[in-house]
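A.B. asks: Build the 3D model from these lines:
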Amino acid sequence: MVVDEGPAHAGNGQTELFPDSSLPDELVGYRGPAACQIAGISYRQLDYWARTKLVMPSIRTAHGSGSQRLYSFKDLLVLKIVKRLLDTGVSLQNIRVAVDHLRGRGVRDLARVTLFSDGTTVYECTSPEEIVDLLQGGQGVFGIAVSGAMQEISGTLHEFPAERADGAELDPAVPDELSERRNARRTG
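C.D. replies: Below you'll find the model as predicted:
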């Protein structure tokens, strides 16, 4: 996996997904069935990935029969990326390496990442220059813009029931920050 440890280039032309410094509430999560629909995976995949620690819910894990896992926004994003990498033929072993690296990044950092793969190796690029270098080397075959996956997830979250890990009620009259941004974009 190619990793740029330096800061992301500010002038890379990408728009900020979270321009006002707000990020999704880390206590708000989605249960397994919603996570499956959002990521486009089966419940069997979700369960297997949680049990093998490929993608574990960061808000609440299952503790015996009847308990519900709770997946954060970042967890949903990683699930969607894993699904896309699997669909393109990347092995679970290589996906595990990529996921382990992505786990250490914050949501804002992930929005600046584009993943490329030749079907075997996963490469991480954080600037247009890195993408050009990779493509000129003839290695990259397909790419996954993490910010695009974030926008897809953000656009569908309102369709699924969310809950807070601390047990507090979500006030439906008070939209979350993602809903507010979506509504602002729609109205101009």
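A.B. asks: pull the longest helix from this structure.
C.D. replies: For the chain, the helix with the greatest residue count under DSSP state H is helix 73-87.
A.B. asks: I'd like to check what contacts that one. Which residues are they?
C.D. replies: With contact meaning Cβ atoms under 8 Å, 6 or more residues apart in numbering, helix 73-87 is reached by 24, 28-30, 35, 38-41, 45-46, 49, 54-59, 71, 92, 94-95, 98-99, 102-103, 107, 110, 115, 117, 122, 144, 146, 149-150, 152-153, 157. C-betas here are computed from N, CA, C, even on glycine.
A.B. asks: From those residues, which land in helices?
C.D. replies: Using DSSP H, these in helices are 35, 38-39, 45-46, 49, 92, 94-95, 98-99, 102-103, 107, 110, 146, 149-150, 152-153.
A.B. asks: Buried by neighbour count, from these: which ones?
C.D. replies: Neighbour counting by 16 or more other Cβ atoms under 10 Å classes 35, 38-39, 45-46, 49, 94-95, 98-99, 102, 107, 110, 146, 149-150, 152-153 among the ones in helices among the contacts of helix 73-87 as buried.
A.B. asks: What ranges in this protein fall below the confidence cut-off?
C.D. replies: Within the chain, the ranges that satisfy pLDDT under 70 run 1-24, 66, 139-140, 171-183, 185-188.
A.B. asks: And the residue most central in space within the chain, how far from Arg108?
C.D. replies: By Cα atoms, centre = their mean, the chain has its centre lying nearest to Leu77, at 1.6 Å. Separation of Leu77 from Arg108 (Cβ to Cβ, to the nearest Å): 12 Å.
A.B. asks: ok, now Leu115?
C.D. replies: Relative to Arg108, Leu115 is positioned 17 Å away (Cβ to Cβ).
A.B. asks: now Gly143
C.D. replies: The gap separating Gly143 from Arg108 is 20 Å, by Cβ to Cβ.
A.B. asks: circling back: neighbour-wise, which of Leu115 and Arg108 wins?
C.D. replies: Between Leu115 and Arg108, counted using other Cβ atoms under 10 Å, the more crowded position is Leu115 (23 against 13).
A.B. asks: so the more buried one sits right up against Val99, yeah?
C.D. replies: No. Applying Cβ atoms under 8 Å, one finds Leu115 not in contact with Val99, separated by 10.7 Å.
A.B. asks: How about residues contacting stretch 46-55?
C.D. replies: Identification of contacts with stretch 46-55 by Cβ under 8 Å, 6+ apart yields 32, 35-36, 39, 56-57, 61-62, 69, 75, 78-79, 82, 92, 95-96, 99.
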